[in-house]
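>>> this is a predicted model, with the sequence first.
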Amino acid sequence: MISWSISTVLLTLLIVMVFVCRSLKTQLRREQTTTARLRTRLSDMRRELSEVNSRRKKLLSASTQALVIVEKDYTISSANKTAKRMFGKPARGTTLMAWTRQHQLQELVNQTLDGQKMPPVYFNLNDRGLQVNARPIKQKKEVVAVALGIHDVTELQYLSRARREFVANISHELRTPLASIQLLLETLLNGALQDKAMALKLVTKISGQVDTLRQLAQELMDLSLIESGQIPLKMAAHSLRTIAKTQVENLLPQAERKHLDLKIEIDEDVGVLVDETMIGRVIANLLHNAIKFTDKGTVIISAKLPNGTAPVPSTDPASLPDDDEEGRVVVSIADTGIGIPPDELPRIFERFYKVDHARTAKKSGTGLGLAIAKHIVEAHGGRIWAESGGQGTTFYFTVLTDTCCD
Ligand code: ADP
């Protein structure tokens with residue numbers, strides 16, 4: 001009886017153990033499946049994180065702006081290539097102040113960490129103008145770091161200064177003829193109208209001043225169109241001598257009035273690849289100046305071929321950089337006039353620049369002729385420059401030969 005009972009208990013125990021074992025096995029299998037799923041998820045997340053990181057790094061390095069992240073303890077936790085180029089590579093744990101040595105930046109970060117919305121800050125570094133914007137990086141509504149975007153605004157600052165100077169120059173150029181027209185009109189109204197001879201003299205003067213204003217308006221418009229590339233170049237092969245001859249003939253009466261000798265020293269067969277009207281305009285502007293600023297002597301237009309076979313200008317361009325003028329004709333316009341002081345030579349191509357106003361006060365002009373010539377020559381891919389040794393001036397410019405692109 002007892003042995004039967006023991007057997008029953010043992011059997012029951014065995015059955016229970018089999019059940020427990022089975023259920024444990026099922027649970028283990030379930031746990032294993034869950035672990036495998038979690039492992040896959042983890043590796044997916046790791047991959048996503050590394051992709052995000054690499055994308056973030058690419059984005060930071062592609063930015064032309066310097067991007068820096070400053071932590072709450074002022075250490076630099078991230079800086080892109082542009083930022084490193086500006087301030088050098090930050091050592092691990094370095095602070096913003098130790099790295100940049102810019103108090104304004106430290107102040108900007110302080111205030112941004114305090115939760116203030118700050119306007120951009122400007123500072124200069126190695127002659128460059130920089131603009132810095134700060135943005136807070138928040139975690140659960142608390143500012144934990146500051147992102148700084150540093151932008152090079154040197155060109156923008158230069159452009160806005162140039163625009164201010166341009167407006168100031170235009171007003172200055174307008175003021176003189178307008179004041180003189182007003183004075184002449186007042187003289188007429190105050191009685192000069194009754195004197196026919198005097199009235200005619202004054203009206204002629206008014207007409208001259210109006211002409212100056214008209215020329216200024218025209219040159220401003222031309223300069224703006226040429227600068228913005230709104231006048232497309234009609235490039236074609238032309239005889240340089242023919243282009244020069246047309247301009248010389250137009251200006252011959254002016255030269256004769258001053259008893260100046262106006263000569264062309266260019267061979268018939270010198271061919272150039274240019275926009276005829278535009279290069280004609282350059283030659284006209286240079287010849288016009290040469291006549292205007294010369295009281296005695298000669299004005300010569302000549303050309304030097306790339307192989308140097310054509311006549312060399314009267315002022316030998318020994319300083320010509322031959323290498324980069326390959327395939328180009330060097331055209332020169334030499335005069336025996338008042339010359340240009342060497343220290344003013346680099347500035348004469350700027351808009352409105354006139355050399356020594358006292359000396360050239362009597363010679364009317366807008367100061368735009370050379371700026372226009374420079375734009376046209378550069379649009380042709382050439383260079384323009386001037387040389388002067390006190391007495392006499394020679395202007396040079398380069399154009400492509402018509403054989404350049406065969
Ligand atoms: P402008 O209308 O005053 O002639 P430009 O731009 O043509 O303006 O010339 C700028 C300045 O350069 C002139 O005002 C003059 O002072 C100087 N300049 C230009 N060409 C000559 C030259 N051949 N000889 C002397 N000075 C010159």
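Cool, the structure landed. These numbers were taken from a predicted model, which means no experiment stands behind them. Numbers count the residues shown, from 1 in each chain.
>>> would you map the helices across the chain?
Along the chain, the stretches classed as helices by DSSP state H are 2-62, 81-87, 96-100, 103-113, 154-189, 196-227, 240-257, 276-292, 369-379.
>>> where does the chain have low pLDDT?
Residue ranges of the chain with pLDDT under 70: 1, 307-325, 357-364, 404-406.
>>> ok, and what's touching stretch 175-184?
Residues outside stretch 175-184 that contact it (CB atoms under 8 Å, 6 or more residues apart in numbering) are 202, 205-206, 209-210, 212-213, 216. All C-beta atoms are positioned from the backbone trio N, CA, C, and that covers glycine.
>>> relative to residue 61, which of those is nearest.
Within the contacts of stretch 175-184, the smallest distance to residue 61 is 49.2 Å, found for residue 216 (CB to CB).
>>> residue 77 is in contact with residue 71, correct?
Yes. Using CB atoms under 8 Å, residue 71 makes contact with residue 77 at a distance of 5.1 Å.
>>> give me the more crowded residue out of those two.
Neighbour count, other CB atoms under 10 Å: between residue 71 and residue 77, residue 71 has more, with 17 against 13.
>>> which ones are touching that one?
The neighbours of residue 71, taking CB under 8 Å, 6+ apart as the test, are 77, 144-145.
>>> let me have those in TSV, extended by distance to the ligand.
Converted to TSV, the contacts of residue 71 look like this (distance: CB to the nearest ligand atom, whole Å):
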residue	distance to the ligand
77	55
144	59
145	54
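>>> of those, which is the nearest to residue 271?
Nearest to residue 271, judged by CB to CB, of those is residue 77 at 64.4 Å.
>>> distance check, the closest one against residue 22.
From residue 77 over to residue 22 the distance is 54 Å, taken as CB to CB, to the nearest Å.
>>> now the common contact residues for residue 71 and residue 77.
Common contact partners of residue 71 and residue 77 (CB under 8 Å, 6+ apart): residue 145.
>>> count of neighbours near the residue nearest to residue 219 when sequence neighbours are not counted?
Ranked by CB to CB, 6 or more residues apart in numbering and with sequence neighbours excluded, the top spatial neighbour of residue 219 is residue 368, at 4.2 Å. Number of residues near residue 368 (other CB under 10 Å) recorded here: 22.
>>> which ones are touching residue 368?
Contacts for residue 368 (CB under 8 Å, 6+ apart) come out as 216, 219-220, 223, 351-352.
>>> can I get the residues you listed in a markdown table with neighbour count?
Below are the contacts of residue 368 laid out as a markdown table (neighbours: other CB atoms under 10 Å):
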| residue | neighbour count |
| --- | --- |
| 216 | 19 |
| 219 | 19 |
| 220 | 17 |
| 223 | 17 |
| 351 | 21 |
| 352 | 17 |
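>>> out of these, what pair is the most spread apart?
Using CB to CB, the contacts of residue 368 span at most 11.4 Å, a distance reached by 216 and 351.
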